[in-house]
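# Return atomic coordinates for the entry below.
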Amino acid sequence: MVQPEHRLIEERKRKLETIRSMGINPYPYSFEQKHHSDEILLKYSKLKTEEKTNDKVLMAGRITALRQMGKASFGHIQDSTGKMQFYIREDETGNKNYALFKLLDIGDIIGIKGTVFKTKTGEVSVRIKELELLSKALHPLPEKWHGLKDPEIRYRQRYLDLISNPEVSEVFKKRAVIIDEIRNFLKEDSFIEVDTPTLQPVYGGAEAKPFTTKLNALNMNVYLQISPELYLKRLIIGGMEKVFFIGKNFRNEGVDRTHNPEFTMMECYESYADYNKVMQRVENMISSICKKVNGAAKIKYGNIEIDFKAPWKRMTMFEAIKKYAHLDVEKMSEIELKKKVRELGLEMGSKDEMINSIFEELVEKHLIQPTFITDYPITICPLTKVHRKNKNLVERFEAFVNGTEIANAYSELNDPVEQEKRFSIQEEKRKEGKEEAHPKDKDFVEAMHYGMPPCGGVGIGIDRLIMFLTNQHSIRDVIPFPFMKPIEENKNI
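You can find the predicted model right below:
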C-alpha cells in the first residue's frame, strides 16, 4: 500500500518534470536578492489600507502558505528575517509565470519581483510582477511543521526545526554573538587566541574518558582532545603570557540535559595570576557579556531570576557542605564519611572523593545564583597548586549557576617534582580501574622542568553558558547539531 506521503512525493516529482518540460530550470544558479521581509515591513508599515506604491522589491524565500485560486492567488514566503505575504495575478505576470505558480507547493523556494502595497486587511504585501522558481522541494514538510515540537525530529533534522520554528535561529545567532564577545573581552586584555591539537598521543587536562582512534600512518593509537590545558600551559612555559582557546572538546561519557559528547570550551591561562584574579575575570566577563547580549546583567531563566552582576557569592566547599548538607566533613572521620555515602547510595572512594560526591549530591542543586565554590581537597585536583594556608586543599574554584557547573579554574601547579608525584598517584588509580584518572604526560613534566611561571587558568563551558544567556533548558537547544543515537532502519523494507 502506497503511503500518503509517498503519493505527495510522487506528485511533486510529476510537477518537477512538467516544469522542466516548460523549459524552466527548477534549480537555477543564483538570484539577485536585494530586500528582506523585515526591512519591507518596517519601511511600509505606515501605508494606508489598500494603498499601493510603485516601489520595486526583489525578494527570495521559502513558500510557507498558499491560497491558489482562479486567476489571482495569495501566499507567504519566509526568509531569514521573517515572513512576507505576496499576491499574484495571471493578467499581471503572464500565462507562463502563472502556470509555473500553479505547479508550486509549500516548501518550494522562489524569487519574486514586484511592488509593495497594503491589503484590505492591513497586511503589507508584495504584488508579484515576475516569479522565479529557485528550488523545487520534493519532500513535503511534516504534517505539523507549523510549530514543530517533537524534540527527536527537531534535533535530528535541524533544518526542519529552523523552517518550522524560525525563532530557533535567534538562539544560534545569539550564540555567535556570545562567542564573539568572549573573544573580544579577552583580546582587549591582551590575550592571544591559539590552537591546540585535536588528536593527542596523551590526553589530559581533566578527569574524563577519551575517544580513541588510530593514526594509520604511524600505526599508533591517539585520543581526541578532552581539554587543551596541558598544551596551553606549554605555551605559558614558552613565554606567551596570556593565551586562550575556543573550540571543541570530546569526552566519551554520558549524554543528558547538560552533557554532549562534543562540546565547546573556552580555556585561558595568564602568567603571574592566581585563582583570585581569575575569579574576578570570570565574573566580570560573564556579567559584561550578559549585558551586551541581553541588555542587563539580570535575566529570567525559566521561572527564576538570575543576576550575573559582579561580584558573585564566594564559599569554600566545606562551608557550602556545612550550609546546605548540614555536615562538617572537615571533622568527619573516613568511617563516618563512608556511612553517609552509603546512605546516599553513592560510590565509595578515598576520603576526598567521598567529600566531593557528597558536595555534588547534596549541595550543587542549591547553588542557583552565580556562586564560586573554592578550595577543594588536594587528591582530586592533580594539576592544581596547594592552598597557601592549608596543605590538604588546593586553590581551585568552580562557578555554578542554577545548580550547574559552568567554569573550573586553578592556581596552576608549576612545581615539576610535585606534578610528577601527582601524576604517579593518578597512575596508581588507573591501575586500580579508575578510567577517568589522569594519565602521566612525561613531555609536559619535562616542559615544566624548564620553568613554568605562576599561572592562573580557567575553563568555561560555552554551551552551558549559552543555555543560561538564551533561556534554554537543554544543551541540545543551543548546539545546532547535537549528537543523536542513529535510527535503526526497518530490516523488512
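
# Keeping just the C-alphas, turn whichever strand or helix holds Leu8 into CSV.
Applying DSSP states H and E as the criterion places Leu8 in helix 4-21. Taking C-alpha atoms only, helix 4-21 is exported to CSV below (Å, rounded to 0.1, in the frame of the first residue of the first chain):
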residue,chain,number,x,y,z
PRO,A,4,0.0,9.3,1.7
GLU,A,5,3.5,10.9,1.9
HIS,A,6,4.8,8.8,-0.9
ARG,A,7,1.9,9.9,-3.1
LEU,A,8,2.7,13.5,-2.3
ILE,A,9,6.3,13.0,-3.2
GLU,A,10,5.4,11.3,-6.5
GLU,A,11,3.0,14.2,-7.2
ARG,A,12,5.8,16.7,-6.6
LYS,A,13,8.1,14.7,-8.9
ARG,A,14,5.5,14.9,-11.7
LYS,A,15,5.3,18.7,-11.2
LEU,A,16,9.1,18.8,-11.4
GLU,A,17,9.0,17.1,-14.8
THR,A,18,6.2,19.4,-16.0
ILE,A,19,8.3,22.4,-15.0
ARG,A,20,11.3,21.1,-16.9
SER,A,21,9.2,20.4,-19.9
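
# Could I get the buried residue list for that helix?
Going by neighbour count (16 or more other C-beta atoms under 10 Å), the buried part of helix 4-21 is 12, 15-16, 19. Bear in mind the C-beta positions are built from the backbone N, C-alpha and C, glycine included.

# what do you get for stretch 420-432?
Using 16+ other C-beta under 10 Å as the test for burial, stretch 420-432 gives 420, 422-423, 426, 429.

# quick revisit: and the next helix or strand past the helix holding Leu8?
Once helix 4-21 ends, the next helix or strand along the chain (criterion: DSSP H and E) is helix 37-43.

# Measure how far that next one is from the centre of its chain, please.
Its chain's C-alpha centre and that of helix 37-43 lie 30 Å apart, by C-alpha atoms, centre = their mean, to the nearest Å.

# Quick check: mean pLDDT of it?
Averaged across helix 37-43, the pLDDT comes to 97.

# Show me what it is packed up against.
strand 52-67, strand 72-79, strand 82-89, strand 124-135 (3 or more C-beta pairs under 8 Å, 6 or more residues apart in numbering; DSSP states H and E).

# which residues touch the longest one?
To tie it back to what came earlier, the one meant is strand 52-67. For strand 52-67, contacts defined as C-beta atoms under 8 Å, 6 or more residues apart in numbering pick out 31-37, 40, 44, 47, 73-79, 83-84, 104-117, 126-127, 129, 134, 163.

# Repeat the analysis, applying 7 Å as the threshold.
Residues outside strand 52-67 that contact it (C-beta atoms under 7 Å, 6 or more residues apart in numbering): 31-35, 40, 73-79, 83-84, 104, 106-117, 126, 134, 163.

# For ChimeraX, write a command that selects the buried ones of these.
In ChimeraX, this line selects whichever of the contacts of strand 52-67 come out buried by 16+ other C-beta under 10 Å:
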select :31,35,40,73,74,75,76,77,78,79,83,84,104,107,108,109,110,111,112,113,114,116,117,126,134,163
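
# Per-residue confidence, the closest residue to His473 other than its chain neighbours, what does it come out as?
In space, and not counting its chain neighbours, His473 is closest to Gly302: 6.5 Å by C-beta to C-beta, 6 or more residues apart in numbering. On pLDDT, Gly302 comes in at 95.

# for the one 5 residues further on, same thing?
Each residue has a pLDDT score; the one for Asp307 is 98.

# That one - how many residues pack around it?
Using other C-beta atoms under 10 Å, Asp307 is surrounded by 14 other residues.

# can you check Pro454 too?
Other residues close to Pro454 by other C-beta under 10 Å number 14.

# so it touches Asp415, yeah?
No: counting by C-beta atoms under 7 Å, no contact exists between Pro454 and Asp415, whose distance comes to 10.6 Å.

# Just the buried residues of stretch 266-274, please?
By neighbour count with 16+ other C-beta under 10 Å, stretch 266-274 contains the buried residues 266-271, 273-274.

# quick check: mean pLDDT across it?
Averaging pLDDT along stretch 266-274 yields 98.

# OK, contacts around Ala437?
207, 426, 429-430.

# Give me the phi and psi angles of it.
phi -60, psi 150 (degrees, to the nearest 10).

# and what of the one 10 residues further on?
Phi and psi for Ala447, reported as degrees, to the nearest 10, are phi -60, psi -40.

# and if you look at Asp441?
phi -110, psi 100.

# what's the burial count for it?
Asp441 has 21 nearby residues by other C-beta under 10 Å.

# cool, and the one 4 residues further on?
Taking other C-beta under 10 Å as the criterion, the count of residues near Val445 is 16.

# likewise the one 10 residues further on?
Neighbour count for Cys455, taken as other C-beta under 10 Å: 23.

# Ok, the one 3 residues further on next?
Using other C-beta under 10 Å, Val458 has 24 other residues around it.

# what's the helix or strand hosting it packed up against?
Using DSSP H and E, Val458 falls within strand 455-461. Secondary-structure packing of strand 455-461 (3 or more C-beta pairs under 7 Å, 6 or more residues apart in numbering; DSSP states H and E): strand 262-271, helix 275-294, strand 404-411.

# and with 10 Å instead?
On a contact count with 3 or more C-beta pairs under 10 Å, 6 or more residues apart in numbering; DSSP states H and E, strand 455-461 meets helix 229-237, strand 242-250, strand 262-271, helix 275-294, strand 393-401, strand 404-411.

# Throw the ones you listed into JSON lines and include distance to Ile153, thanks.
Listed next are those as JSON lines, based on distance: least, C-beta to C-beta, whole Å:
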{"stretch": "helix 229-237", "distance to Ile153": "38"}
{"stretch": "strand 242-250", "distance to Ile153": "25"}
{"stretch": "strand 262-271", "distance to Ile153": "21"}
{"stretch": "helix 275-294", "distance to Ile153": "28"}
{"stretch": "strand 393-401", "distance to Ile153": "30"}
{"stretch": "strand 404-411", "distance to Ile153": "26"}
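
# rewinding a little: any idea of the angle the strand holding Val458 forms with strand 404-411?
170 degrees (axes from the mean of the first three to the mean of the last three C-alpha atoms, to 10 degrees).

# List the buried residues in strand 455-461.
Residues 455-461 are the ones in strand 455-461 that count as buried (16+ other C-beta under 10 Å).

# would you turn these into CSV with distance to Gly238?
Output for the buried residues of strand 455-461, formatted as CSV (distance: C-beta to C-beta, whole Å):
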residue, distance to Gly238
Cys455, 12
Gly456, 17
Gly457, 15
Val458, 20
Gly459, 20
Ile460, 24
Gly461, 27
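
# Pull the most distant pair out of these.
Farthest-apart pair in the buried residues of strand 455-461 is Cys455 and Gly461; separation 20.8 Å (C-beta to C-beta).

# OK, contacts around the residue nearest to His473?
Gly302 sits next to 402, 471-473 when contact means C-beta atoms under 10 Å, 6 or more residues apart in numbering.

# Can I have the buried ones of those as a ChimeraX selection?
This is the ChimeraX syntax for the buried subset of those, where burial follows 16+ other C-beta under 10 Å:
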select :402,472
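
# Out of the contacts of Ala437, which is nearest to Glu436?
Glu207 (4.3 Å).

# Which strands and helices lie in contact with the helix or strand where Phe468 lies?
Using DSSP H and E, Phe468 falls within helix 462-469. Packing contacts for helix 462-469, counted by 3+ C-beta pairs under 10 Å, 6+ apart, involve helix 168-187, strand 242-250, strand 262-271, helix 275-294, strand 298-301, strand 393-401, strand 404-411.
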